[in-house]
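Student: Give me a 3D structure for the following:
(2 chains)
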There are 2 protein chains.
Amino acid sequence: MAKEFSRQHEVVYYECDMNGNMTLPTVISLAIQVSETQSNELNRGSEYIHQHGVTWILTNYHLEITRLPKVDEQIIVTTKAEEYNKYFCYRSFWIRTLSGEELVHIQAVFGLMNIETRKLSRVIDEIIAPFESQKITKIKRFGKLEKIVIGESLPYRVRFFDIDSNLHVNNAVYFHWILDVLGRDFLTSYVPKTITIRYDKEVEYGNEITSVVEKINQDQVMCTRHAIMLHEETCCEALIEWKELSK
Amino acid sequence: MAKEFSRQHEVVYYECDMNGNMTLPTVISLAIQVSETQSNELNRGSEYIHQHGVTWILTNYHLEITRLPKVDEQIIVTTKAEEYNKYFCYRSFWIRTLSGEELVHIQAVFGLMNIETRKLSRVIDEIIAPFESQKITKIKRFGKLEKIVIGESLPYRVRFFDIDSNLHVNNAVYFHWILDVLGRDFLTSYVPKTITIRYDKEVEYGNEITSVVEKINQDQVMCTRHAIMLHEETCCEALIEWKELSK
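Tutor: Model (predicted):
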């Protein structure tokens, strides 16, 4: 049974959008911070990982959002590196209220990238042993992401602070691009219910990417398909299912 | 003697730039988070403040940076609401190592804004009493900010997540605009030593601001003057003194 790790957190105003809900980039950053703290406590911090010539990369997220944490709320963030196979590690995160109500469940897929070759490395047993994850042979998938037919778009330039100390665009930054393109009227009318996101290709400092979105109404449910494009190349794709925000 | 409040924090990779140093937007966000936690523990959280029809606004920062916190480092963030006069509250923040070495000292000036009129309100005794700040009559100033003569610039659109739950652009966002315009070559060659920043006028969602910068060499010291412009109007000004980054 994989080791669980939790941290309490108080939601402050600048972590929240104009609806008073925690922003998705903050949800993701907070989750990652808790897993980093667990890694450090198990002596598997980035220094240790880098000694093996590798760094963590994130390939997929799937989020199920019952409701987003609210400004001034106390929450508990829990994580567990549940399973792994030859190339991928599957980690879950839960955000809950103090009374145990589940607000957000995140499933994340990580891999190890060789720092020199920038290629995916096999999972190194020594790195993940202390998390007590279960070894599986299956490769888990999180639903197919269909292509956009007709989209609207906005350009975004990759900024200096979008690049983190791992020297690539922090994965929370893609949530900024994917959501911002929808505009205020949409983002104050709807909140995300489920999100599936796949990272395909790294973008670099100075790149001007295009965030493309297509709105589709599936059985009365508002859905949006997203692509982060660098010229003709797709760098990231996502599907979001929305629910109307209760006023 | 004002009440001191501290929190320990472990610096994680996505809080750091490609130099491995904590980003200034994170330094500012972390400081504010610690003062929010103190306010909540003294029952002076935003809910209480809003009941008085006001919200905190930030008018100035002055930062003295000995060195920026590094990825994986353990730091202690301390804050104290030291003094106040009729309209302004003066709060300091210190970031220190576990052994007490001072890394960053921030002096911040806050005021209370009436939520309806958007005008500065007098400091309300009931709000600040539990911080045990000293009442002063003096208005403190942090050096004059001279105008830019010839600058370079880049445009930035105010994004949805730049607006926080107080419904204005979070003050850490200005640090993104002010620094990003300098570009990677500069930001991987220099680190800030002192920063003086003044917030003059709010910008709004959808505004396209221009971040203007002028480099000046004063007695062998690299300095940059900054302005955040909305059309012809100056919304924010700053002066940064830099030191060369040791490779």
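Student: dump the residue contacts of residue A:104.
Tutor: Shown in contact with residue A:104 (C-beta atoms under 8 Å, 6 or more residues apart in numbering or on different chains): A:27, A:63, A:64, A:65, A:66, A:68, A:69, A:93, A:94, A:95. Just so you know, the C-beta spots here come from the backbone N, C-alpha and C atoms, and that holds for glycine as well.
Student: Now the buried members of those.
Tutor: Buried members of the contacts of residue A:104, scored by 16 or more other C-beta atoms under 10 Å in any protein chain shown, are A:27, A:63, A:64, A:65, A:68, A:69, A:93, A:94, A:95.
Student: Report whether the helix or strand of chain A with the lowest mean pLDDT contacts chain B.
Tutor: The helix or strand of chain A with the poorest confidence is helix A:46-51; it has a mean of 89 (mean pLDDT, DSSP states H and E). Yes - under the criterion of C-beta under 8 Å from any C-beta of the partner chain, chain B is reached by helix A:46-51 at A:46, A:47.
Student: Distance from the chain centre to that helix, please.
Tutor: Helix A:46-51 has its C-alpha centroid displaced from the chain centroid by 22 Å (C-alpha atoms, centre = their mean, to the nearest Å).
Student: partner residues bridging residue A:6?
Tutor: Applying DSSP bridges to residue A:6 yields these beta-bridge partners: residue A:78.
Student: residue ranges of the strands in chain A, please?
Tutor: Assignment of strands within chain A using DSSP state E yields the ranges A:4-10, A:54-65, A:74-84, A:89-97, A:102-114, A:120-121, A:134-135, A:152-157, A:190-199, A:208-218, A:221-230, A:233-244.
Student: In TSV, list those strands along with mean pLDDT.
Tutor: Putting the strands of chain A into TSV (pLDDT from 0 to 100) gives the following:
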stretch	mean pLDDT
strand A:4-10	94
strand A:54-65	95
strand A:74-84	96
strand A:89-97	97
strand A:102-114	96
strand A:120-121	93
strand A:134-135	93
strand A:152-157	97
strand A:190-199	97
strand A:208-218	95
strand A:221-230	97
strand A:233-244	96
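Student: Could you point out which of these sits nearest residue A:174?
Tutor: Nearest to residue A:174 among the strands of chain A is strand A:233-244 (5.1 Å), distances taken as C-beta to C-beta.
Student: Report all helices and strands that the closest one contacts.
Tutor: helix A:171-180, strand A:190-199, strand A:221-230 (3 or more C-beta pairs under 8 Å, 6 or more residues apart in numbering or on different chains; DSSP states H and E).
Student: which one of those has the most crowded surroundings?
Tutor: Highest mean neighbour count of those: helix A:171-180, a mean of 23 (counted as mean count of other C-beta atoms under 10 Å in any protein chain shown).
Student: can you list contacts of that one?
Tutor: Under C-beta under 8 Å, 6+ apart, the answer for helix A:171-180 is A:23-26, A:28-29, A:32, A:58, A:61, A:154, A:156, A:162, A:187, A:197, A:199, A:209, A:211, A:213, A:226, A:228, A:236, A:238, A:240, B:14, B:159-161.
Student: related to what we said a few turns ago, columns distance to residue B:130 on top of the strands of chain A, output as a markdown table?
Tutor: Output for these, formatted as a markdown table (distance: least, C-beta to C-beta, whole Å):
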| stretch | distance to residue B:130 |
| --- | --- |
| strand A:4-10 | 18 |
| strand A:54-65 | 36 |
| strand A:74-84 | 20 |
| strand A:89-97 | 27 |
| strand A:102-114 | 31 |
| strand A:120-121 | 53 |
| strand A:134-135 | 50 |
| strand A:152-157 | 43 |
| strand A:190-199 | 35 |
| strand A:208-218 | 45 |
| strand A:221-230 | 45 |
| strand A:233-244 | 40 |
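Student: Could you break chain A into its assigned domains?
Tutor: Residue ranges for the domains of chain A, per automatic domain parsing: A:4-135, A:152-244.
Student: So for the shortest one, first residue to last residue, what's the gap.
Tutor: Just to be clear, that refers to domain A:152-244. Using C-alpha to C-alpha, to the nearest Å, the end-to-end distance of domain A:152-244 comes to 21 Å.
Student: Could you do the first one as well?
Tutor: Its first and final residues considered, domain A:4-135 spans 16 Å by C-alpha to C-alpha.
Student: follow-up on the earlier one: with respect to residue B:123, which of the domains of chain A lies nearest?
Tutor: Of these, nearest to residue B:123 by C-beta to C-beta is domain A:4-135, at 19.6 Å.
Student: before we move on, the earlier item: residue A:41: which of the strands of chain A is closest?
Tutor: Comparison of the strands of chain A against residue A:41 by C-beta to C-beta identifies strand A:4-10 as nearest, at 7.4 Å.
Student: my guess is residue A:190 meets residue A:240, correct?
Tutor: No - contact criterion C-beta atoms under 8 Å: residue A:190 and residue A:240 do not qualify, at 9.0 Å.
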